[in-house]
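*Asks:* here is my input; please provide its structure:
(2 chains)
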Amino acid sequence: MHKTYTRLERVTGSVVAVNAGDATNRELAQLTWEGGSSLAQVVRLEGGRAYLQVFAGVRGLPTNARVRFLGRPMRVPSSDALLGRIFDGAGRPRDNGPVIDEEGIDIAGPSVNPAKRIIPRTMVRTGIPMIDVFNSLVESQKLPIFSVPGEPYLELLARLALQAEVDRIILGGMGLKHDDYLYFRDTLDAAGALSRTVAFIHTAADPTVECLLVPDLALAVAERFALRGHRVLVLLSDMTNFADALKEVAITMEQIPSNRGYPGDLYSQLAARYEKAVDFDDAGSITILAVTTMPGDDVTHPVPDNTGYITEGQFYLRGGRIEPFGSLSRLKQLVNASTRDDHRPLMNTMIQLYAAYRETLEKRAMGFRMSDWDEQLVRYGEGFEARLMDLEVDLPLERALDECWRLLADSFEPAQTGLPTALIERHWPAAA
Amino acid sequence: MANLGRIVSVSGALITAAFDEPVVQNEVGYAMVDGLRLKAELIRVRGDYADLQVFEDTAGLYVGSQVEFTGEMLIAELGPGLLGQVVDGLQNPLFDLAAVSGYFLERGRYLEPLDRERSWSFTPRVEVGASVRAGDALGSVPEGEFEHRIMVPFAASGWLTVKSIVQAGDYTVEHVVATLEDERGRVLEVTMLQRWPVKLPIRAYRERLRPQEPLVTKIRIIDTLCPVSRGGTACIPGPFGAGKTVLQQLMSRHADVDVVIVAACGERAGEVVETLREFPELVDPRTGRSLMERTVIVCNTSSMPVAAREASVYTAVTIAEYYRQMGLDVLLLADSTSRWAQALREVSGRLEEIPGEEAFPAYLESVIAAFYERGGLTQLRDGSQGSVTIVGTVSPAGGNFEEPVTQSTLKVVGAFMGLSRERSDARRYPAIDPLDSWSHYPGVVPAAEVAFARTLLRTGNEVAQMMKVVGEEGTVIDDFVRYLQAEYLDAAYLQQDAFDAVDGATGAERQALVFSELVRLLRAPQRHADKDAARRHYQRLTQATKEWNRAPWGTPEFEAGRDRVRELAEVNVHA
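*Replies:* Residues are numbered from 1 along each chain as shown, chains lettered A, B, ... in the order given. Alright, predicted model coming up:
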């Protein structure tokens, strides 16, 4: 039986200190006091003193709170009973449903042995041309959606949750507005997708520390589902809130900040979560899509910057559209080779031409004379935005590729595109 | 009697232990918990307290739990059987680990890097009575394509006399193959396996030479504009998504070297998986064997414990030096040194050291410099040459090259291949910026042609900048043509389609031929009716040259491609 302590030595930020010589690193403790209770986790040991991070925060916490160490780390249930359920950041039901009474699995487990991974080969079709054609989503990919506040990223996530061809969806909400949480729940429910979904939702009103637990809970469950052979899609929003929670906690722990107040281990912390994305050699897979809002639309801000280095490609959401730029993830290249022979060259050419169109727009804005080439680019670029980039467009991949060829033919001579002659002969639409 | 200490504090990956007996800086210690032994490295001593960075998750450790000090620094096991291996930063073989632990990397489980059961066919090269020194070959075993030299341990000092040596035959790595006696009469037993502390460079060679011979990577923009030499060092900084890792993978595949060591340090597991799944199936054109047989992968991916990241780059460079000692050319690809620097920063923060720029520790620069200095071309004591070429990627925060890791690296490398976001956004791959990048090493094409190309690219860029202000109509046609020519050179030569079997890898001979051809046609005086005509001309020429790039070397299509380019080019040549 573990000993109970009844005297807090220090209360700072969300961290309390207890003189407990027998505490072990990272173990869980139960705090109870008159009018409240919370779980807490050991984050540091020094001499005979244990520092605990209190999940529910320390407001109203008396120094004579009872601290009972549980001798185990944080756990979460992982059976199919979770499907259709919604929990909070501490793993408690948020949907008035029953508590799931299971032994549970440890969260934030060890990383997967690279020798047990395989090269992802399967594309996840979404019916959104800007994703399927230009930024194909691949099983086991970890992909952020870089966005500024106000962009329709939640609508995009919801659409992906409905349309993506996967078995299970795990939703992790961090710092969500309560309205957004309800929007999500209702949208999935209305489309009948809730039954394949498990949600862990931390809203902006909940304690900060619980925000930190959401990705770990979601990914631990996802990992268990994947090991049972399911193809799991994890949707997280918003990882910037998660990073800000890390910052808040690190600063109160008196860690030396590295860049704009974020802790030096921001990269490792984010990577530990994103790296849970996996394609097992003899089981299922985890694909992660995570919204990362960019403060001030600044991609060099530490959160999007570190995220960009960890993830495999990224979606940029601007002006209500997914940008065709963004990185050329290797994964995408791998699956693009097996969709259709024209997919890869077509995609690259379309993007090169679109980049040229953007330059032409600048030129036009400065009042320069437009050459014939510029006029062609403008016709192309405007068509591209209307016929493919619009988020409302819903086309299967093959039809979207055909649309690309038509778009090129409407604006250019075959030789102007720089595409290989063999492809042009096969795919260039005959003049109408 | 083991030297034991007791934990007094735990903070992240850092533990502090009280000790009684003397300890050694950088020695390995084990933290005991739940029957597990967690490997750790002693990084600071203050009074009776030693700070150790633990290479594993520290969950479950408690104040009062035991730490066992070993008195030995972190070592790498060196011997036959390293090639083709995939190991973590502490040299645990990952496939063997998967066989015993399953899907996940269980902490505290360490396996021997080299197979103790496997026999190797040993052939002695010295006789009893011979005088030998550290690094001299006593015999050899065949390992893949190579004669793997079994050498006098690098730690041996002075001259030693061979007292005995085994007959040719099959032996395991722990079998004593020779006994040596040093000048003071002490006897040293030599096995095929030797241990070396990873943080110390192996110095058993005669002298270091100046790297002069190009290391052909088959990537045109590198070999032509910013080449790296055998034994040289290069760094590839770039923002995320600009293609650092693809570039490194291409180098690991095509580079003209004997052995490739890939150190995946703090990067994505997916990338390592691509290499370790694909290389066994790819054929090395030089030897006809699988690429994996010349490759060692040392990986500490970003989700693995941070402290082992540092160990991974040192383990990798130690293995590289070991093969260099056999007279082989080794390429070490370190991806990414920024993650290692961040690991240093994390540990430094936990130690509460006074932070330097961007909270990196003040010793960052000297640590990076010492690492790159382990590269080099060396003349061994038997007169043969071996080299370690180090190519490290840097992931600068925000893609800004002014940050400490990039700057510290630039001071010590001989070639710089800066990747740019603009180029990768415009799908101009490889996204190495031809204007910013530089190299101190000689390349595969004549210097005069490179100078011409650089001038053209620079002029073209200036015209492009100017056109943004004065517009196309305000640019004279000669300038406009220079701009088109620069764009043409970029599109038709510098850019390369990594996924095309032919275009993806251009040999040195082909580079020299094509580049001369392009320079010749670009030097010829041109006449164009107007700007639109000029643009159409270069669009056609670009397409023809790209087709030429896709034609296999030494085939009729290759000749036809060249004729087509010449034919098109001559249309507008000023008589």
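*Asks:* do any residues in stretch A:362-374 lie close to chain B?
*Replies:* Yes. Stretch A:362-374 comes into contact with chain B (Cβ under 8 Å from any Cβ of the partner chain), by way of A:Glu362, A:Lys363, A:Met366, A:Gly367, A:Phe368, A:Arg369, A:Ser371, A:Asp372, A:Trp373. Quick note: C-beta positions are derived from backbone N, CA and C, even for glycine.
*Asks:* now restrict those to buried residues only.
*Replies:* A:Lys363, A:Phe368, A:Ser371, A:Trp373 (16 or more other Cβ atoms under 10 Å in any protein chain shown).
*Asks:* for the last one, helix, strand, or coil?
*Replies:* By that I understand A:Trp373. Judged by DSSP: H, G, I helix; E, B strand; the rest coil, the three-state class of A:Trp373 is helix.
*Asks:* quick one on the thing from earlier: the buried ones among the residues of stretch A:362-374 next to chain B: which two are farthest apart?
*Replies:* Comparing every pair within these by Cβ to Cβ identifies A:Phe368 and A:Trp373 as the most remote, at 12.6 Å.
*Asks:* show me which residues of stretch A:143-157 are buried.
*Replies:* For stretch A:143-157, the neighbour count (16+ other Cβ under 10 Å) marks A:Leu143, A:Pro144, A:Ile145, A:Phe146, A:Ser147, A:Val148, A:Glu151, A:Tyr153, A:Leu154, A:Leu156, A:Leu157 as buried.
*Asks:* now that stretch, how far from the centre of its chain.
*Replies:* From the chain centre to the centre of stretch A:143-157 is a distance of 10 Å (Cα atoms, centre = their mean, to the nearest Å).
*Asks:* need the distance between the two termini of it.
*Replies:* Counting by Cα to Cα, to the nearest Å, you get 12 Å between the two ends of stretch A:143-157.
*Asks:* report the rounded mean pLDDT for it.
*Replies:* Averaging the model's pLDDT scores along stretch A:143-157 yields 91.
*Asks:* roughly how far does A:Ala272 sit from chain B?
*Replies:* Spatial separation of A:Ala272 from chain B under the definition Cβ to the nearest Cβ, to the nearest Å is 5 Å.
*Asks:* could you verify that that residue is part of a helix?
*Replies:* Yes. When the secondary structure is assigned by three-state DSSP, A:Ala272 falls within a helix.
*Asks:* which ones among the buried residues of stretch A:143-157 lie within helices?
*Replies:* Residues of the buried residues of stretch A:143-157 located in helices (DSSP state H): A:Tyr153, A:Leu154, A:Leu156, A:Leu157.
*Asks:* go ahead and flag the most central residue of chain A.
*Replies:* Most central residue of chain A, judged by C-alpha distance to the mean C-alpha position with Cα atoms, centre = their mean, is A:Ala290 at 1.3 Å.
*Asks:* my reading is that that one lies in a strand. Confirm?
*Replies:* Yes. When the secondary structure is assigned by three-state DSSP, A:Ala290 falls within a strand.
*Asks:* what's the helix or strand for the residue nearest to it when sequence neighbours are not counted?
*Replies:* Closest residue in space to A:Ala290, ignoring its immediate chain neighbours: A:Leu236 at 3.9 Å, by Cβ to Cβ, 6 or more residues apart in numbering or on different chains. Under the assignment given by DSSP states H and E, the secondary-structure element containing A:Leu236 is strand A:231-237.
*Asks:* next structured bit after that strand?
*Replies:* Heading towards the C-terminus - elements assigned by DSSP H and E - strand A:231-237 is followed by helix A:239-252.
*Asks:* give me the distance between that following helix and the centre of its chain.
*Replies:* A distance of 16 Å separates the centroid of the chain from that of helix A:239-252, by Cα atoms, centre = their mean.
*Asks:* which of the residues in it are buried?
*Replies:* Neighbour-count burial for helix A:239-252 [16+ other Cβ under 10 Å]: A:Met239, A:Thr240, A:Asn241, A:Phe242, A:Ala243, A:Asp244, A:Ala245, A:Leu246, A:Lys247, A:Glu248, A:Val249, A:Ala250.
*Asks:* the fourth one against A:Leu213, yeah?
*Replies:* Read it as A:Phe242. No. Counting by Cβ atoms under 8 Å, A:Phe242 does not reach A:Leu213; the two are 9.9 Å apart.
*Asks:* which SS state does B:Leu4 fall under?
*Replies:* Here B:Leu4 is recorded as strand under three-state DSSP.
*Asks:* can you get me a residue count around residue 160?
*Replies:* Picked chain A for this. 21 (other Cβ atoms under 10 Å in any protein chain shown).
*Asks:* chain B, not that one
*Replies:* When neighbours are counted by other Cβ under 10 Å, B:Leu160 registers 25.
*Asks:* ok, and the closest non-adjacent residue to it?
*Replies:* The shortest distance from B:Leu160 to any residue other than its chain neighbours is 4.1 Å, reached at B:Leu180 (Cβ to Cβ, 6+ apart).
*Asks:* confirm the one you found sits in a strand?
*Replies:* Yes. Secondary structure assignment places B:Leu180 in a strand (three-state DSSP).
*Asks:* quick one: it and chain A, what's the gap?
*Replies:* Using Cβ to the nearest Cβ, one obtains 38 Å as the distance from B:Leu180 to chain A.
*Asks:* so who does B:Ala415 touch?
*Replies:* Going by Cβ atoms under 8 Å, 6 or more residues apart in numbering or on different chains, B:Ala415 touches B:Cys226, B:Pro227, B:Val228, B:Gly232, B:Thr233, B:Ala234, B:Cys235, B:Ser437, B:Trp438, B:Ser439, B:His440, B:Tyr441.
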